[in-house]
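# With the input below, show me the fold.
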Amino acid sequence: MELENIYELMDKFRNSGLAKLELRQADLLIKMEMPKKTETVSEGSPVAPVHADRSQVPVSAEKTAPLMTEKDSFIRSPIVGTFYAAPEESAEPYVKAGEKVRKGAVVCIVEAMKMMNEIKAPCDCVIEEVCAANATPVGFEDPLFRIREL
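Numbers count the residues shown, from 1 in each chain. This next block holds a predicted model:
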């Protein structure tokens, strides 16, 4: 399955009203799950990422979800992949907590299927918190940054 087909599937899933989707095709397994609208996340609760996995073995990484309130805005991962805060290992991160960012500025990279996808700020904002750890798996719609719009 081509990456463009996966993006198209993600868009259709997002607009379908379905809560979960699992697709198996040859040696490819794609799982998608929409976040619950009234989900309560307490500090220390493990959250397993939704994932696309070629070996059909679930990702076993766990992470702690940031505390969220109704007023919080987030930059969320549009795809399943690996979060990278900087363009390369020895480089400075694209953004840090407390930093002002202009709409369209690259804030991180999410690698999916060997493709580096630049994630850009949707608006002028301040990065309040970096929610994902560098070089860790992220799922579809996982919060990457908590932001305050300007």
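
# low-confidence ranges in this protein?
Applying pLDDT under 70 to the predicted model, the residue ranges of the chain that meet it are 1, 36-72.

# what are the ranges of the strands in it?
Remark: strands of the chain, listed N- to C-terminal, are 20-25, 28-33, 46-47, 52-53, 63-64, 73-76, 81-84, 100-101, 106-112, 115-120, 125-130, 136-138, 143-149; assignment by DSSP state E.

# Make CSV from these and add distance to residue 4 to it.
Backbone N, C-alpha and C define where each C-beta goes, glycine included. CSV is the format used below for the strands of the chain (distance: least, Cβ to Cβ, whole Å):
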stretch, distance to residue 4
strand 20-25, 15
strand 28-33, 14
strand 46-47, 28
strand 52-53, 14
strand 63-64, 29
strand 73-76, 21
strand 81-84, 15
strand 100-101, 28
strand 106-112, 12
strand 115-120, 11
strand 125-130, 29
strand 136-138, 20
strand 143-149, 22
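
# what's the closest of the ones you listed to residue 12?
Distances from residue 12 to each of the strands of the chain were compared by Cβ to Cβ, and the smallest falls on strand 20-25, at 9.3 Å.
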